[in-house]
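Chemist: dropping the sequence and predicted coords here.
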Amino acid sequence: MLQKQDQSNKHPLKILIQRCDRIGDMVFTFPLLDQLRDAYPNAQIDFIASAEGKLALNEYGEINAIYVLNSKRFDTDIKPLIKILKNKEYDLFISLWNHPKLNKIGFLANIPKRIGFEQSWLNKQLFTHHIRHPWPDLTKHAIEHNLSVMTALNLKPIFKRAHLAIEKYQDNDLLKKLKQNKKQLIIIFTETGGSNIPFPETVIKEFIEKLSKKETYHIVLAGAKNPERFNDCNLANTTNIIGKTSFTDLIACIAGCDYYIGPDTGPTQFASLLNKPMLFFSPLKANHPSIYGPLSNQHRIIRQEYGYPKLHIKKEDHAALLHYLSGDMMLDDFSKLTNDKNKLTSYDEMTYYHLLNTFRILYFPYKNESSEDVNKECDRLQKDGLKIYCINNGSLNTIIKQMILRNANVFQGDIPLWIKIAVHIYMGSIAHFLQPVNVSGSIFKLATKKLVAKYKKAYQARV
């Protein structure tokens with residue numbers, strides 16, 4: 001499609017990328033930017049981003065121009081932007097947020113080559129090169145979905161973290177102040193104020209009180225200001241910088257910390273990019289670690305979403321949803337995190353760990369399998385970290401309730417056809433949630449890794 005770098009061109013290759021959503025989503029584009037740079041070292045790369053995305057791009061650097069769009073004003077902001085873009089003579093447009101209004105930009109700006117997700121008849125007309133729409137496949141990380149652009153360019157994508165130069169943060173005044181006491185630095189990111197669920201304040205305080213007794217760590221509380229939280233925070237060996245930092249200061253502190261603890265949000269993805277050992281809090285049923293999980297070599301996922309009877313979580317659900325959290329639990333997970341034996345040394349190991357924290361299975365026993373034997377097999381797999389639950393002769397109502405409670409995304413075993421059809425209709429038309437895949441075969445005497453590979457293959461076949 002595009003040559004590595006055509007020296008006969010009168011101007012360097014000019015690439016325009018669209019990603020107008022949140023900070024974490026922008027961080028997931030950085031590996032693609034790295035690999036585009038490697039493939040086209042003289043290219044000019046420009047971006048269309050949200051104001052939040054621009055903050056992330058500023059930390060990445062090496063972006064020629066950033067056009068900011070407000071998602072609340074797409075209708076009024078896009079038209080004047082098109083006029084500007086038409087005069088820029090871009091060679092390639094890449095649309096990474098599959099938004100109908102944003103997908104049109106490259107076409108309307110007369111950019112000759114346009115890459116985007118193949119989802120609808122309209123997209124097929126707007127883009128000259130298509131990549132598969134990813135979200136039915138929860139076995140691929142968001143970074144992998146972005147990297148699929150490389151295949152449209154006839155280039156081989158490599159799933160790995162991006163490179164972020166951290167030397168620029170070494171002289172950051174706030175970071176130097178926090179490191180004066182020579183203790184290991186732990187950043188606890190409390191919240192962004194966005195859609196993700198934060199750690200409960202009481203749990204964080206309990207954890208800090210227990211951890212501060214060791215006196216080997218200095219703890220830093222960071223995040224967006226919330227008038228309802230951490231107003232009276234006076235804890236030993238702790239500095240509270242919540243709502244008191246610029247974005248660059250925050251990333252500098254993350255770059256300089258020894259450990260990071262936070263929910264599934266933008267700054268946490270920066271910590272992942274910087275390969276920080278971390279506790280990753282992932283409470284939402286829809287936010288699967290296999291798609292959004294960290295790529296740090298040392299991380300532990302805190303996720304017990306399989307015990308709450310709702311798919312779509314609201315603020316009033318938080319207390320009941322997070323009942324399992326405690327300071328002792330966090331301390332136990334942190335102790336395991338600091339053990340070098342728990343390192344994930346390859347991306348394959350990370351993917352497997354993420355899938356263990358993503359796949360939730362309802363098992364329908366075959367007629368020759370006794371309840372006692374099935375329960376023993378489920379217990380065996382549960383001990384390996386696979387969340388699998390047995391269904392015995394349940395009504396459709398019971399099955400749907402269990403599916404919602406367990407956040408089940410895999411049905412396995414002797415599944416009646418009518419249940420497959422009914423669940424497909426319910427999840428697609430009523431719940432508007434990811435439909436589980438159906439997998440045949442027994443779980444008996446199968447290794448956990450083989451089962452995970454089987455579920456992964458089923459999802460990839462569905463796409």
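Modeler: Thanks, I have the structure now.
Chemist: what stretches of the protein score poorly on pLDDT?
Modeler: Along the chain, segments meeting pLDDT under 70 span 1-10, 133-135.
Chemist: now with 50, please.
Modeler: 6-8 (pLDDT under 50).
Chemist: the longest helix in it is where?
Modeler: Determined from DSSP state H, the single longest helix within the chain is helix 448-462.
Chemist: send the alpha carbons of that one over as PDB?
Modeler: The C-alpha trace of helix 448-462 is given here as PDB (Å, rounded to 0.1, in the frame of the first residue of the first chain):
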ATOM      1  CA  THR A 448      -6.700 -25.100  32.600                       C
ATOM      2  CA  LYS A 449      -4.400 -23.700  29.900                       C
ATOM      3  CA  LYS A 450      -6.000 -26.000  27.300                       C
ATOM      4  CA  LEU A 451      -9.400 -24.800  28.300                       C
ATOM      5  CA  VAL A 452      -8.400 -21.200  28.100                       C
ATOM      6  CA  ALA A 453      -6.900 -21.800  24.700                       C
ATOM      7  CA  LYS A 454     -10.200 -23.400  23.600                       C
ATOM      8  CA  TYR A 455     -12.200 -20.400  24.700                       C
ATOM      9  CA  LYS A 456      -9.800 -18.000  23.000                       C
ATOM     10  CA  LYS A 457     -10.100 -20.000  19.800                       C
ATOM     11  CA  ALA A 458     -13.900 -19.900  20.000                       C
ATOM     12  CA  TYR A 459     -13.900 -16.100  20.300                       C
ATOM     13  CA  GLN A 460     -11.500 -15.600  17.500                       C
ATOM     14  CA  ALA A 461     -13.600 -18.000  15.300                       C
ATOM     15  CA  ARG A 462     -16.700 -15.900  16.000                       C
END
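Chemist: what comes up buried for it?
Modeler: 448, 451-452, 454-456, 458-459 (16 or more other CB atoms under 10 Å). Where you see a C-beta, it was placed from the backbone N, CA and C, and this is true even at glycine.
Chemist: list of residues touching it?
Modeler: Contacts with helix 448-462, where a contact means CB atoms under 8 Å, 6 or more residues apart in numbering, come from 136-139, 352, 355-356, 359, 361, 381, 384-386, 410, 437-439, 441, 443, 446.
Chemist: helices along the stretch 151-300 of the chain, start to end?
Modeler: For the stretch 151-300 of the chain, the helices defined by DSSP state H, counting those that start in this stretch cover 173-178, 201-211, 247-256, 266-273, 289-292.
Chemist: which other helices and strands contact the second one?
Modeler: Applying 3 or more CB pairs under 8 Å, 6 or more residues apart in numbering; DSSP states H and E, we find helix 201-211 packed against strand 184-189, strand 217-222, helix 327-337.
Chemist: mind putting these into TSV with mean neighbour count and distance to Pro100?
Modeler: As requested, the helices and strands packed on helix 201-211 are exported to TSV (neighbours: other CB atoms under 10 Å; distance: least, CB to CB, whole Å):
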stretch	mean neighbour count	distance to Pro100
strand 184-189	23	33
strand 217-222	22	36
helix 327-337	16	41
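Chemist: JSON lines for the ones you listed, including distance to Leu405?
Modeler: Output for the helices and strands packed on helix 201-211, formatted as JSON lines (distance: least, CB to CB, whole Å):
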{"stretch": "strand 184-189", "distance to Leu405": "29"}
{"stretch": "strand 217-222", "distance to Leu405": "34"}
{"stretch": "helix 327-337", "distance to Leu405": "21"}
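Chemist: out of the ones you listed, which is closest to Asp46?
Modeler: strand 184-189 (30.1 Å; CB to CB).
Chemist: contacts for the closest one, please.
Modeler: Outside strand 184-189, the residues that touch it by CB under 8 Å, 6+ apart are 178-179, 199, 204, 208, 211, 216-223, 253-254, 256-263, 265, 267-268, 271.
Chemist: filter those to the buried ones?
Modeler: Looks like those have 178-179, 199, 204, 208, 211, 217-223, 253-254, 256-257, 259-263, 265, 267-268, 271 buried, using 16+ other CB under 10 Å.
Chemist: I appreciate the help and will end here.
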